[in-house]
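In: Below are the sequence and a predicted model for it; my questions follow.
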Amino acid sequence: MLRMNRLVIASLVTLATVLPFNAANAKDSFRLAWSIYVGWMPWDYADKSGIIKKWADKYGIDIEVVQINDYVESINQFTAGEFDACVMTNMDALTIPAASGVDTTALIVGDFSNGNDAVILKQGSNIADLKGKPVNLVELSVSHYLLARGLESVGLSEKDVSVINTSDADMVAAYGTDDVDAVVTWNPLVSEIMSMPNAHKVFDSSQIPGEIIDATMVNTSVLNENPKFAKALAGAWYETMSIMSKNDKAGKDARSMMAEASGTDLAGYDSQLAATKMFYSAADAASFVNSSELVDTMRYVADFSFAHGLLGDGAPDASFIGVAFPNGTVNGDIKNIKLRFSDSYMKQAAKGEL
């Protein structure tokens with residue numbers, strides 16, 4: 001699982017515009033891209049168990065669920081219009097499709113990392129002990145963001161450390177070498193590294209709760225023109241949430257399927273879930289996207305993204321891209337809204353109106 005930022009070439013992207021529902025623009029076949037991560041495995045289960053087909057049939061549409069092994073590539077393909085929906089983090093949504101001019105809506109906010117992402121140090125017990133040390137991480141990823149937030153919490157900044165770009169595929173092996181002092185990464189890599197000698201977790205995402213968010217994003221134009229697609233996705237998601245959140249046989253069987261598909265067992269998957277704040281309740285998810293904390297989080301994310309050149313060459317400052325919230329609040333440029341958090345379909349799910 002790679003939750004990383006990379007800008008795509010703008011010339012390859014078809015700009016999305018926000019349109020009112022128009023039957024002439026409606027379609028009946030859709031594609032959803034997903035990649036392996038604890039909070040996104042429910043889409044695989046929903047597809048294989050027939051839940052997706054059940055809800056698609058209800059609305060007279062077809063939904064193809066496609067696993068993409070390269071997470072960044074899945075977002076690039078979504079940005080280029082190859083997929084109607086795609087799983088991604090809040091930061092990636094801002095810095096890839098939104099920064100490329102594609103109006104994008106967070107249809108379902110599924111979870112936030114609550115310990116799955118961590119800073120691990122060989123010698124030391126506090127993140128302040130990173131000062132002057134090299135830190136291996138996937139550059140410009142949520143790991144990079146986590147490091148910046150952690151350093152900020154003790155009065156340090158990125159200039160106080162040396163960031164070394166390291167592939168997630170190499171992270172565990174790198175930590176086992178004498179050359180590496182510290183890493184920032186995510187589960188299941190965190191669990192593997194923490195089982196090694198001299199591994200001290202000095203900061204993790206539970207210390208910035210609600211900031212590393214995992215969501216199902218939909219092209220806003222597709223969403224506005226095809227509400228049946230949104231209803232089917234929300235219905236399938238929350239039916240899956242209802243099943244997997246229980247500890248009965250059906251719940252364990254569902255989580256076991258998700259575990260196997262992600263390369264672990266039920267105990268391992270449940271351990272990852274324990275470090276994830278899953279919004280099993282649609283009402284809780286809707287409440288989260290209406291919180292003032294989310295508005296603050298997206299300001300932090302915009303500031304980090306601008307400082308690292310992730311909002312595009314034409315961005316004059318961190319407020320270049322407008323981010324809209326359900327209560328009418330807009331961060332950034334109200335004339336350039338390209339990322340939206342919606343509570344509409346989560347509220348419908350909560351009320352049983354899908």
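Out: Thanks, I have it.
In: show me where the stretch 101-250 of the chain has strands.
Out: Here the stretch 101-250 of the chain has its strands, by DSSP state E, counting those that start in this stretch, at 104-113, 117-121, 134-137, 162-165, 182-186, 200-204, 213-219.
In: Let me know the pLDDT of the nearest residue to Leu189 once chain neighbours are set aside.
Out: Leaving aside its sequence neighbours, Leu189 sits nearest to Met171 (C-beta to C-beta, 6 or more residues apart in numbering; 5.3 Å). C-beta: built from backbone N, CA, C; applies to glycine. At Met171, the pLDDT value in this model is 93.
In: Kindly reformat the strands of the stretch 101-250 of the chain as CSV containing mean neighbour count.
Out: CSV is the format used below for these (neighbours: other C-beta atoms under 10 Å):
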stretch, mean neighbour count
strand 104-113, 26
strand 117-121, 26
strand 134-137, 22
strand 162-165, 14
strand 182-186, 27
strand 200-204, 19
strand 213-219, 27
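In: how about the ones you listed in JSON lines, adding distance to Ser342 and mean pLDDT?
Out: Output for those, formatted as JSON lines (distance: least, C-beta to C-beta, whole Å; pLDDT from 0 to 100):
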{"stretch": "strand 104-113", "distance to Ser342": "5", "mean pLDDT": "97"}
{"stretch": "strand 117-121", "distance to Ser342": "25", "mean pLDDT": "96"}
{"stretch": "strand 134-137", "distance to Ser342": "32", "mean pLDDT": "97"}
{"stretch": "strand 162-165", "distance to Ser342": "34", "mean pLDDT": "96"}
{"stretch": "strand 182-186", "distance to Ser342": "26", "mean pLDDT": "94"}
{"stretch": "strand 200-204", "distance to Ser342": "29", "mean pLDDT": "97"}
{"stretch": "strand 213-219", "distance to Ser342": "9", "mean pLDDT": "97"}
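In: quick revisit: so who does the residue nearest to Leu189 touch?
Out: Counting by C-beta atoms under 8 Å, 6 or more residues apart in numbering, Met171 touches Asn136, Val183, Thr185, Leu189, Ile193.
In: any idea how far Val138 is from it?
Out: Counting by C-beta to C-beta, to the nearest Å, the separation of Met171 from Val138 is 8 Å.
In: And for the closest residue to Glu192 other than its chain neighbours, the neighbour number?
Out: Counting by C-beta to C-beta, 6+ apart, Val172 is the residue found nearest to Glu192 once chain neighbours are left out, at 5.0 Å. Counted with other C-beta atoms under 10 Å, the neighbours of Val172 add up to 18.
In: The one 4 residues further on too?
Out: Summarising burial for Gly176: neighbours were counted as other C-beta under 10 Å, giving 10.
In: Which elements pack onto the helix or strand in which Asp296 is found?
Out: Per DSSP states H and E: Asp296 is located in helix 292-307. The helices and strands touching helix 292-307, judged by 3 or more C-beta pairs under 8 Å, 6 or more residues apart in numbering; DSSP states H and E, are helix 90-93, helix 142-153, strand 330-331.
In: any idea of the angle that helix forms with strand 104-113?
Out: 100 degrees (axes from the mean of the first three to the mean of the last three C-alpha atoms, to 10 degrees).
In: quick one: average pLDDT of helix 292-307?
Out: 96.
In: Identify the neighbouring strands of the helix or strand just after that helix in the sheet and state each direction.
Out: Using DSSP H and E, the next helix or strand after helix 292-307 towards the C-terminus is strand 322-324. Neighbouring strands of strand 322-324 in its sheet, by DSSP bridges, are strand 330-331 (antiparallel), strand 337-341 (parallel).
In: where in the protein is pLDDT low?
Out: Counting by pLDDT under 70, the chain has low-confidence residues at 1-25.
In: Have a look at it and report its longest helix.
Out: Selection of the longest helix in the chain by residue count, based on DSSP state H, yields helix 227-244.
In: Could you tell me how far that one lies from the centre of the chain?
Out: 18 Å (C-alpha atoms, centre = their mean, to the nearest Å).
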